[in-house]
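J.: Structure, please.
(3 chains, ligands or ions: 2)
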Amino acid sequence: MSTALKEWPLWEIFVRSKQGLEHKHCGSLHAADAAQALDMARDVYTRRQEGVSIWVVESKAITASNPDEKGELFDPAADKIYRHPTFYDIPDEVGHM
Amino acid sequence: MRAAIDYLLHLADNALVLGQRNAEWCGHGPILEEDIALSNVSLDLIGQARLLYQLVARLKGGNTSEDKLAYFRDAHQFRNYTLLELPHHGPLSGYAHSSMDYGTTIVRNFLYSALMALLWEALEKSADAELAAIAAKSLKEVRYHLRHSRDWLVRLGDGTDESHARAQAAVDHLFPYTAEFWADSPAEEAAIKAGVGVDLQTLKADWNAIVDAAFAEATLQRPTVAGYVPEGKLGRHSEHLGFLLAEMQSLARAHPNGNW
Amino acid sequence: MYTQSFNVPDSPGGKPVPLAPSLEDPVLQAAFDARIDADGRIEPQDWMPEAYRKTLIRQISQHAHSEIVGMLPEGNWISRAPSLKRKAILIAKVQDEGGHGLYLYSAAETLGTSRDQMLEGLHSGRAKYSSIFNYPTLTWADVGVIGWLVDGAAIMNQIPLCRCSYGPYARAMVRVCKEESFHQRQGYEALLEMMTGTEEQKAMVQDAVNRWWWKCLAMFGPPDADSPNSAQGMRWGIKRVSNDELRQKFVDATVPQAKVLGVTLPDRDLKWNEERQHHDYGAIDWDEFWATVNGNGPCNKERLATRVKAHNEGQWVRDAALAHARKQQERKMKEAA
Ligand SMILES: [Fe+2]
Ligand SMILES: [Fe+2]
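T.: Ligands and ions are numbered 1, 2, ... in the order given. The predicted structure follows:
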């Protein structure tokens, strides 16, 4: 009667470990739909109180940057040292700024 | 306090026996994610049983302990609903064997969780403060069990022809056992009188509403119930509890003076 | 975990064979090598040599299979656990192993395989898993000894894998290692408790140690001299410490623990070597090890058949969830239209 339909889709799981912190990717799992993915993420990834909030995203919905383009994407930021506070010399007597 | 003890044992035995049954899936679930989910349900139930047995042990005093209560009472001393001791498959005699059926597991967890979500909530106002505290903790757990089993009930009922047929068969098999929820027992009556327990009749309409809504969503038929009313909570069980306890208690009883 | 230095080929009947050198784009290969040499991490989208990808898929999936099959020997005692506390601990422990399998299958899936494909490999008998789980758990003490020794050996094997060159595998191992720490301790503590009990209980513990000790030593895999792929694994940063080194570390760590517990380890040649500053130990029966790896141990057939049964009997459940999800989506689309 039952012909195998196919594998359940894969979901990426993001867990907020504490109120005030960001959601962090913690792994993935298989689930038939989003609601089930949430429940299963709760059972799989928060058994030791690792989380207070969960996001699930179907893995195929994620677009990743191409590692071959790493140079043009990320290297140009390397010489913008003036974006960092340590670039600026402030006299000691000013104190913390 | 006698009244409270029998009532607490009824609640504890419910949790232990169903926890024991659900744990049978550990390592054999239909998919890894679900294996893990069902183990969590089992752990919650065994945790509830332990708190309740510990409370009974304190009330009884002497050398009673949670493990004495779990491992050294016989079937006729267990006060759980008959529904909870049945194997995970359709109706078969005690010593007959069959593969586990997830539909049976889900339908039972749903019927019981729907009741306990109401009962634990009501027991939060129990005159027994310790029981009220256990109820508050258990309520959170059972709400998740209800959500888990209800979602699956709908999936199975709505899913494929095969899953629908299996879910309906499980409903037909198990639903009649819920008649025991509404039957009187001396332990419950005494506990209600003492303000410790809750009259299930006051929860019946809500339980019906939860069940009917879920069945409608799952396109499952609610069978009519007539005739036999199980009496597990009076200590008169099915043929299955004896086997469950024989297995569960075997090691502890083989070494009654052992340290674990 | 339970990798026994997974250099074991999946095809039946063989001892390890050296990997053939691959013909790959030299520029990409050089960049890959440089990153490995700099102790960098390889991520799913990065270019990697085909042999690296294949070796990782095999190693991670074997590791995952081991976690899943490893649920069975201990699961055997859940229903009979002698106290409610131990029952809860054991369920949580076996459940954790399921979680480890899940994390690892997920890590392997980033390499372009699917869980179904990996399970097919396991169920058809092609894929290997740690041979330690092909031995029976005969008494409750086996549960304690598995926690103490098998998980103990596993932890030794896994900690270096947290620094594995493949990012998703390394991250999965970090999570696994965090959870494993309770496994060994609960096992050891259960044994300590039994050793305060009756004579029968003490005998039960000693008997379990006797049956599992040599199997645990074999878990670290064949001697370095007989592990042709170890060098490649080391080069690739997917194996960090050699089999013999880990085994020695395990023996040295276990001897004092056995003493505290009050059991003896069943090896007459086991003694401290002042010169080496390590314990010497006796010869492992590698013929028995390979017989078990190749399917002829006491429980291979039972373990595999049990996994196949659970998977097959779960098919209608998985199908139902998928069918329901599709119907729901169709209903939503109809509503929107
Ligand atoms: Fe593990
Ligand atoms: Fe473990």
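J.: Helices along chain A, start to end?
T.: For chain A, the helices defined by DSSP state H cover A:34-45, A:70-74.
J.: closest one to B:Leu55 among the ones you listed?
T.: B:Leu55 sits nearest to helix A:34-45 of all the helices of chain A, at 27.9 Å, using CB to CB. In short, each C-beta sits where N, CA and C put it, glycine included.
J.: So, low pLDDT: which residues of chain C?
T.: Counting by pLDDT under 70, the ranges of chain C that qualify are C:1-23.
J.: Can you pull the residues of it lying near chain A?
T.: C:43, C:45-47, C:92, C:95-96, C:99, C:102-103, C:106, C:109, C:114-116, C:171-172, C:175, C:179, C:315-316, C:318-319, C:321-325, C:328-329 (CB under 8 Å from any CB of the partner chain).
J.: In the stretch 151-260 of chain B, what residue comes closest to ligand 1?
T.: Closest approach between the stretch 151-260 of chain B and ligand 1, counting by CB to the ion: B:Trp260, at 23.2 Å.
J.: so what's that residue up against?
T.: B:Asp67, B:Ala252, C:Pro82, C:Ser83, C:Lys85, C:Arg86, C:Trp140, C:Ala190, C:Glu193, C:Met194, C:Gly197 (CB atoms under 8 Å, 6 or more residues apart in numbering or on different chains).
J.: separation between it and C:Thr139?
T.: With the distance defined as CB to CB, to the nearest Å, B:Trp260 ends up 13 Å from C:Thr139.
J.: what about the strands in chain C?
T.: C:271-273, C:278-280 (DSSP state E).
J.: Most tightly packed of the ones you listed?
T.: Highest mean neighbour count of the strands of chain C: strand C:278-280, a mean of 15 (counted as mean count of other CB atoms under 10 Å in any protein chain shown).
J.: Mind giving me the packing neighbours of it?
T.: Applying 3 or more CB pairs under 8 Å, 6 or more residues apart in numbering or on different chains; DSSP states H and E, one finds that strand C:278-280 contacts helix C:243-261, strand C:271-273.
J.: List the buried residues of stretch B:151-166.
T.: B:151-160, B:162-164, B:166 (16 or more other CB atoms under 10 Å in any protein chain shown).
J.: now it, how far from the chain's geometric center?
T.: 22 Å (CA atoms, centre = their mean, to the nearest Å).
J.: ok, now stretch C:132-151?
T.: Distance, centroid of stretch C:132-151 to centroid of chain: 14 Å (CA atoms, centre = their mean).
J.: Which strands or helices does the helix or strand hosting B:Arg166 pack on?
T.: For B:Arg166, the host element (DSSP states H and E) is helix B:161-174. On a contact count with 3+ CB pairs under 8 Å, 6+ apart, helix B:161-174 meets helix B:102-123, helix B:129-158, helix C:315-336.
J.: repeat that for 10 Å
T.: Applying 3 or more CB pairs under 10 Å, 6 or more residues apart in numbering or on different chains; DSSP states H and E, we find helix B:161-174 packed against helix B:102-123, helix B:129-158, helix B:204-217, helix C:315-336.
J.: For the helix or strand following the shortest one, buried residues please.
T.: Pointing back at helix B:204-217 there. Sequence-wise, the next helix or strand downstream of helix B:204-217 (DSSP H and E) is helix B:240-254. Using 16+ other CB under 10 Å as the test for burial, helix B:240-254 gives B:His240, B:Leu241, B:Gly242, B:Leu244, B:Leu245, B:Met248, B:Gln249, B:Leu251, B:Ala252.
J.: Where does chain A get nearest to ligand 1, which residue?
T.: Closest point on chain A to ligand 1, by CB to the ion, is A:Arg47, at 13.5 Å.
J.: quick one on the thing from earlier: just put the helices and strands packed on strand C:278-280 in a markdown table and tack on distance to ligand 1.
T.: Below are those laid out as a markdown table (distance: least, CB to the ion, whole Å):
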| stretch | distance to ligand 1 |
| --- | --- |
| helix C:243-261 | 16 |
| strand C:271-273 | 31 |
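J.: Out of the ones you listed, indicate the one that is most buried.
T.: By mean count of other CB under 10 Å, the helices and strands packed on strand C:278-280 have helix C:243-261 as the most buried, with a mean of 17.
J.: and that one, what does it pack onto?
T.: helix C:151-158, helix C:167-195, helix C:199-218, strand C:271-273, strand C:278-280.
J.: Which one of these lies nearest to B:Ser185?
T.: The nearest among those, by CB to CB, is helix C:167-195 at 38.0 Å.
J.: Would that closest one count as contacting ligand 2?
T.: Yes. Interface with ligand 2: helix C:167-195 contributes C:Glu180, C:His183 (CB under 5 Å from the ion).
J.: does that helix come close to chain B?
T.: Yes. On the criterion CB under 10 Å from any CB of the partner chain, helix C:167-195 is in touch with chain B at C:Ala190, C:Leu192, C:Glu193, C:Met194, C:Met195.
J.: Dump those residues to TSV, plus neighbour count.
T.: Listed next are the residues of helix C:167-195 next to chain B as TSV, based on neighbours: other CB atoms under 10 Å in any protein chain shown:
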residue	neighbour count
C:Ala190	26
C:Leu192	16
C:Glu193	17
C:Met194	25
C:Met195	19
